[in-house]
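Engineer: only the shape, not the letters, is given here:
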C-alpha cells in the first residue's frame, strides 16, 4: 500500500542554490538539489509536503497519493525579494511549491 511523491526543482533566480530540505507529514525525509529531482515512497493516503531552507519555507501542500500512484510537485523561489530582508519578515513566501499532477 504505497505510492510516490516526486519533486522537481529547476533554477531560475537562485540566490541560495543549496538543497531544500523536504518535509512530509512534519518529518524531514530528504533534500532536493537545485536543478534536481527526488522521489519519496509514502503510504497511500493524504500527505502534507513542505520545503525549507535557512528558516524560510513553502506553504504546506496537501496531496492525495493512491496506491501505486505518483503525485508530482514542482518548486522554486518566488523571486529575488523572497531571499532578501522581505523573505525574513515573511518566510513562508520564500519558496513556491505547486502540485503539477
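Structural biologist: Thanks, I have it. Being a predicted model, the structure only gives us computed values, none of them experimental.
Engineer: same for the host helix or strand of residue 48, what does it pack against?
Structural biologist: Residue 48 belongs to strand 45-53 when assigned by DSSP states H and E. With contacts taken as 3 or more CB pairs under 8 Å, 6 or more residues apart in numbering; DSSP states H and E, strand 45-53 sits against strand 2-9, strand 20-24, strand 61-65, strand 95-99. For the C-beta atoms, the positions are set from N, CA and C on the backbone; glycine is no exception.
Engineer: quick one, which of the ones you listed gets closest to residue 31.
Structural biologist: For residue 31, the closest of these is strand 20-24, at 6.0 Å, according to CB to CB.
Engineer: strand partners (parallel or antiparallel) of the closest one?
Structural biologist: Strand 20-24 pairs in its sheet with strand 27-32 (antiparallel), strand 45-53 (antiparallel), by DSSP bridges.
Engineer: how far off centre is it?
Structural biologist: 6 Å (CA atoms, centre = their mean, to the nearest Å).
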